[in-house]
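Asks: this one's sequence-less:
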């Protein structure tokens, strides 16, 4: 630190010049991220926490600015906008881009846990230690987009959804016009006779209020409550198969990414790895608090999902996965990797978790 009282005029000028040069060398780069969500969404809160980590790790040389849905392009065009450099970054769920490449479904939301029982923790184990990240890094070239991807938020399992009246069977379910996610997840609902409609999160409540749809899923208690579904629907079902795993990701334009320093690239990697853990632990507690609020303050009634939903949805999911593998070699490679991992990990993980799940349910039952 300079002491101006002891410096000559020339030395002061030199010190100022050095300071300006140092500031210029550390000139801030801004990664503008076009989200597919309004900035009030719970997912954006976690994204902003990731951005703070990046800024702290780089000493402020790289900062993130989150733009709400529609700020630059429509939600369906976010990945294309990042690819073209219209915006430096994007934030969405990678299964949104299943129309560009079917394997995107296996990273963003592998339907019914990839058909082999992968929950979010098992999926993360595959991603970090079972070869998943290497396949994920290849996805963007397979898609033909100039993008570097970072998986940030594995926040499943998701609730089955919200209904205006109780459902006791698939016959009841089929009476509803149901908001479901895009991609294989939504197609599986269509294949079992549910009139599923894909739409963005911010469009769901207005569609419910207008009667365009009369049932919906989005995510889980904290995110659903933020969108206000409890204002219209009161019957809530937590157990679903459609998105046992669902991952929200950051997409960075390849040219922008290549222009970063090694430190800034490492900061994105380290902050992304931290986000994977932080998002899961954050959601468990926040979902618990939100569920209490929904039940105690908003009159929401919890129900068990009808038993015939599970075999019906699982069969449809399995058929879609088999068709995807038959149609595309990279899809087949990714799915085979997930199945090979599951053959090793799931017998242990499912067996170990069974008793814990029973203990948890027993405690939950004492609170009713």
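Replies: Thanks, I have the structure now. Predicted, not measured: the structure shown is a model, and the values here were computed from it. Residues are numbered from 1 along each chain as shown.
Asks: tell me the first helix or strand C-terminal of the lowest-mean-pLDDT helix or strand in the chain.
Replies: Every helix and strand of the chain was ranked by mean pLDDT, DSSP states H and E. The lowest is helix 9-25, at a mean of 35. Counting by DSSP states H and E, the next helix or strand C-terminal to helix 9-25 is strand 29-35.
Asks: how far off centre is that following strand?
Replies: 17 Å (CA atoms, centre = their mean, to the nearest Å).
Asks: do the same with stretch 229-238
Replies: Its chain's average C-alpha position is 22 Å from that of stretch 229-238, according to CA atoms, centre = their mean.
Asks: over to stretch 267-281?
Replies: In terms of CA atoms, centre = their mean, the centre of stretch 267-281 is set 13 Å apart from its chain centre.
Asks: give me the average confidence score over that stretch.
Replies: What stretch 267-281 shows for mean pLDDT is 96.
Asks: any idea where the strands of the stretch 151-300 of the chain begin and end?
Replies: Assignment of strands within the stretch 151-300 of the chain using DSSP state E, counting those that start in this stretch yields the ranges 161-163, 177-179, 195-197, 215-216, 235-237, 247-253.
Asks: for residue 220, which non-adjacent residue is closest in space?
Replies: Take residue 220 and drop its neighbours on the chain: the residue closest to it by CB to CB, 6 or more residues apart in numbering is residue 287, 5.1 Å away. No exception for glycine: its C-beta is placed from N, CA and C like everyone else's.
Asks: what sits against that neighbour?
Replies: 220, 221, 222 (CB atoms under 8 Å, 6 or more residues apart in numbering).
Asks: what sits against the second one?
Replies: By CB under 8 Å, 6+ apart, the contact list for residue 221 reads 159, 287, 288, 290, 291, 294.
Asks: please repeat the previous calculation with a cut-off of 7 Å.
Replies: Residue 221 makes contact with 287, 290, 291, 294, according to CB atoms under 7 Å, 6 or more residues apart in numbering.
Asks: next one: the last one
Replies: Counting by CB under 7 Å, 6+ apart, residue 222 touches 42, 283, 286, 287, 290.
Asks: what pLDDT does it get?
Replies: Residue 222 is given a pLDDT of 94.
Asks: the nearest residue to it once chain neighbours are set aside: neighbour count?
Replies: Excluding its sequence neighbours, the residue lying closest to residue 222 (CB to CB, 6+ apart) is residue 290, at 4.0 Å. The tally of other residues near residue 290 (other CB atoms under 10 Å) stands at 20.
Asks: kindly provide the distance from residue 290 to residue 152.
Replies: 20 Å (CB to CB, to the nearest Å).
Asks: same check on residue 131?
Replies: Distance of residue 131 to residue 152, given as CB to CB: 20 Å.
Asks: quick one, which of the two is more surrounded?
Replies: More crowded of residue 131 and residue 152, by other CB under 10 Å: residue 152, with 23 against 16.
Asks: mean confidence score for stretch 52-71?
Replies: Per-residue pLDDT over stretch 52-71 has a mean of 97.
Asks: can you offset everything so residue one is 25?
Replies: All right, first residue 25 from here; so that's stretch 76-95.
Asks: now it: buried residues?
Replies: 77, 78, 79, 81, 82, 85, 86, 88, 90, 91, 92, 93 (16 or more other CB atoms under 10 Å).
Asks: chain center to that stretch, what's the gap?
Replies: 18 Å.
Asks: quick one: contacts of that stretch?
Replies: Residues outside stretch 76-95 that contact it (CB under 7 Å, 6+ apart): 50, 52-63, 68, 71-72, 75, 99, 224, 226, 284, 287-288, 291-292, 294-295, 298.
Asks: first-to-last residue distance for it?
Replies: Start-to-end span of stretch 76-95 (CA to CA, to the nearest Å) is 21 Å.
Asks: report the buried residues of stretch 296-305.
Replies: Neighbour-count burial for stretch 296-305 flags 296, 299, 300, 302, 303, 304 (criterion: 16+ other CB under 10 Å).
Asks: quickly note the distance from residue 391 to residue 307.
Replies: For residue 391, the distance to residue 307 (CB to CB) stands at 20 Å.
Asks: more crowded one of these two?
Replies: When residue 391 and residue 307 are compared for neighbours, residue 307 comes out ahead with 24 against 6, by other CB under 10 Å.
Asks: residue 180 is in contact with that one, correct?
Replies: No. Between residue 307 and residue 180 there is no contact under CB atoms under 7 Å: 9.1 Å.
Asks: now do the helix or strand harbouring residue 80 and strand 53-59, the angle between them.
Replies: Per DSSP H and E: residue 80 is located in helix 66-81. For helix 66-81 against strand 53-59, the angle by axes from the mean of the first three to the mean of the last three CA atoms, to 10 degrees is 170 degrees.
Asks: ok, then the element right after helix 66-81?
Replies: Next element after helix 66-81 (DSSP H and E): strand 86-91.
Asks: do a quick rundown of the helices in the stretch 175-324 of the chain.
Replies: Under the criterion DSSP state H, counting those that start in this stretch, helices of the stretch 175-324 of the chain are mapped to 194-197, 208-215, 225-234, 245-251, 278-282, 286-322.
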